[in-house]
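1. My questions are about this predicted structure, shown below with the sequence.
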Amino acid sequence: METRKLYYEDCLLREFSATVTGCVPAENGYLITLDATAFYPEGGGQACDLGTLGDSRVLDVQERDSEVQHLCDKPLTVGSTVTGQLDWERRFDLMQQHAGEHILSGLIHRRFGYHNVGFHVGQEVLEVDFDGPIPAEALTELETLANQAVWENLPVRCWIPSAQELPDVHYRRKRELPWPVRIVEFPGYDACACCGVHVAYTGQIGLIKILSCVKFHQGVRLEMVCGKRAYDHLCRVYEQNRQISQLLSSKPLETAPAVRQLQERLGAEKYRCSALEKRMFAAIAAGYQGIDNPVHFEEGLSSAALRELTDAIASTCSGIAAVFSGTDAEGYSFCLISSREDVSGLGNALTQELGGRGGGRSGAFQGSIKATRQEIAALFDRFCRINGL
Ligand SMILES: [Zn+2]
């Protein structure tokens, strides 16, 4: 039996009474039908409504042959009158996203002739795909125009033209559609064939914000948010910026130049540190001059600095130069370099016997081990003795 679709009669209806016309057990609950419903079934790219029917929870809503079926967790008595209550926050959010997408898609279609070829409302953002490229400057302009439609608070008109009227109705579609066609119109911005539910006035969309635009297939994928989602998103971005401005002691609208300045300072500091390290490494290397197989321990070296210091020491000695950086508690990363000896034997002995990993070619070996300074020194001595180094 066809269900009276209250969601098409009044898109803002969130509570209603109806008579239960059917209740049959289903796999995950009970399929309940009513003589009338405000629960929108999944369709047209829009998710279904959730909520309650009496004290039964509505878990899913689908339409089959004009009949709306509510999957509920508890059975209801056929013939009884029941009160339906929609999860309004969810429905209103979906209507805000859907209506905002219409306006933007309409504007993009009018400007470029592109079609919306994919639409997905995710947990955080909605993704809309278009079949052509959109330059960044145009997006800013389109977003402003879309919000202009919101501020104009236009009535959203939904209707089904007669078979005679239909050929004269201009509306957005990817292909010719057979009568009957439900048209949803945002006056001056978009007219499109759609079976979804939308806000009653564009002002209810609140806000439309495009977040990103990336190349996708032959066109682009836009990420956008509308309504309360847009407000929540911008509040989070604002909070991040507020914290950055506080940390950098800059004005909230001057955080980008302040971060750039910080990056430049960091670059200069890195350069200065590296120059100081070079001088320090040369001094350390000078101390090992003439020693055959020097072993040096140093805390807090980066991987590049470890290599550089080992190189500096190796250039002043004849055997294997070994540098270990770290602590007994956290373990050590190490580098072995020699211009004469094959260091892979010592490298493998260190990683295999002291529990670590590493690799390299004959003249250099880098790795990390979990061992104490004492264990490392003992193994190093033993290895050199056995191998006559
Ligand atoms: Zn729609």
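-> Looks like it came in fine. Numbering: from 1, shown residues only.
2. Alongside the ion, which residues does this structure contribute?
-> Listed as neighbours of the ion in the chain under the rule CB under 5 Å from the ion: 184, 194, 196. Just so you know, the C-beta spots here come from the backbone N, C-alpha and C atoms, and that holds for glycine as well.
3. hang on, isn't the second one packed against V181?
-> No. At 9.4 Å, C194 and V181 do not qualify as touching, with contact defined as CB atoms under 8 Å.
4. Of those two, which one has the most company?
-> C194 (23 against 18; other CB atoms under 10 Å).
5. wait, what's in contact with the nearest residue to the more buried one once chain neighbours are set aside?
-> Among residues not flanking C194 along the chain, V184 sits closest, at 4.4 Å (CB to CB, 6 or more residues apart in numbering). Remark: with contacts taken as CB atoms under 8 Å, 6 or more residues apart in numbering, V184 is in contact with 102, 156-158, 190-194, 196, 198.
6. One more pass at 7 Å, please.
-> By CB atoms under 7 Å, 6 or more residues apart in numbering, the contact set of V184 is 102, 156, 158, 192, 194, 198.
7. go on, N241?
-> 252, 255.
8. which residues touch T52?
-> Contacts of T52 by CB under 7 Å, 6+ apart are 58, 85.
9. how would you label it: helix, strand or coil?
-> strand (DSSP: H, G, I helix; E, B strand; the rest coil).
10. Could you list the low-pLDDT ranges of the protein?
-> Nowhere does the chain drop to pLDDT under 70.
11. So what does the residue in it that the ion sits nearest to have for phi and psi?
-> The ion sits closest to C194 of the chain, with a gap of 3.2 Å, by CB to the ion. Main-chain dihedrals, C194, degrees, to the nearest 10: phi -160, psi 140.
12. Hmm, it is touching Q46, no?
-> No. Assessed by CB atoms under 7 Å, C194 is found out of contact with Q46, at 8.9 Å.
13. Report the separation between D232 and I205.
-> 15 Å (CB to CB, to the nearest Å).
14. Which of those two has more residues huddled nearby?
-> I205 (28 against 12).
15. so what's the backbone phi/psi at that one?
-> phi -70, psi -30.
16. Neighbours of V117, how many?
-> V117 has 16 nearby residues by other CB under 10 Å.
17. residues near D168, how many?
-> With other CB under 10 Å as criterion, D168 counts 7.
18. Would you map the helices across the protein?
-> 6-9, 88-112, 136-151, 227-248, 255-287, 303-314, 344-353, 373-386 (DSSP state H).
19. Can you give me the buried ones in stretch 2-18?
-> Buried residues in stretch 2-18, counted by 16 or more other CB atoms under 10 Å: 3, 5-7, 11, 14, 16, 18.
20. Which of these sits closest to Q69?
-> Proximity of the buried residues of stretch 2-18 to Q69 (CB to CB) peaks at T3, which lies at 8.7 Å.
21. Check the spacing between the closest one and E63 real quick.
-> 8 Å.
22. And for K174?
-> Counting by CB to CB - K174 and E63 are separated by 22 Å.
23. Neighbour count for the two, which is higher?
-> Higher neighbour count among K174 and E63: E63, with 16 against 10, using other CB under 10 Å.
24. what are the phi and psi angles of the spatially closest residue to that one that is not a sequence neighbour?
-> Taking CB to CB, 6+ apart, and ignoring the residues beside it in sequence, E63 has P41 as its nearest neighbour in space, at 4.0 Å. Per-residue torsions, P41: phi -80, psi 150 (degrees, to the nearest 10).
25. likewise S362?
-> phi -60, psi -40.
26. hang on, isn't it packed against S344?
-> Yes. Using CB under 7 Å, S362 is in contact with S344, at 6.0 Å.
27. Of all the residues in stretch 124-143, which ones are buried?
-> Buried, per 16+ other CB under 10 Å, within stretch 124-143: 125-131, 134, 139, 142-143.
28. Might you report the residue contacts of D311?
-> Per CB under 7 Å, 6+ apart, neighbours of D311: I337.
29. Repeat the analysis, applying 8 Å as the threshold.
-> 321, 337.
30. And V78, by the same measure?
-> Contacts of V78 by CB under 8 Å, 6+ apart are 20-23.
31. redo that, cut-off 10 Å
-> Counting by CB atoms under 10 Å, 6 or more residues apart in numbering, V78 touches 19-24, 32-33.
32. now swap in G43 and tell me
-> Taking CB under 10 Å, 6+ apart, one finds 61-63, 194-197 in contact with G43.
33. If you rank those by neighbours, which is first?
-> Result: V197 is most packed of the contacts of G43 (other CB under 10 Å), 26 neighbours.
34. where's it relative to R91, distance?
-> Taken as CB to CB, the span from V197 to R91 is 8 Å.
35. and what of S325?
-> Taken as CB to CB, the span from S325 to R91 is 59 Å.
36. higher neighbour count, the two?
-> R91 (25 against 21).
37. just checking, that one touches H198?
-> No. With contacts defined as CB atoms under 10 Å, R91 does not count as touching H198, sitting 11.1 Å away.
38. what is in contact with these two at once?
-> With CB under 10 Å, 6+ apart, R91 and H198 have common neighbours 11, 46.
39. quick revisit: ok, which of the helices of the chain comes nearest F119?
-> Closest to F119 of those is helix 88-112 (CB to CB; 6.4 Å).
40. centre of the chain versus the closest one, how much separation?
-> Centroid displacement of helix 88-112 relative to its chain, using CA atoms, centre = their mean, to the nearest Å, is 21 Å.
41. Next, the angle helix 227-248 makes with that helix.
-> 90 degrees (axes from the mean of the first three to the mean of the last three CA atoms, to 10 degrees).
42. what pairs with the nearest residue to E15 once chain neighbours are set aside across the strands?
-> Residue nearest to E15 in three dimensions, not counting chain neighbours: Q85, with 5.3 Å by CB to CB, 6+ apart. Counting by DSSP bridges, Q85 is bridged to E15, T52.
43. thinking Q85 is in contact with T37, fair?
-> No. Counting by CB under 10 Å, Q85 sits too far from T37 to count as a contact (11.8 Å).
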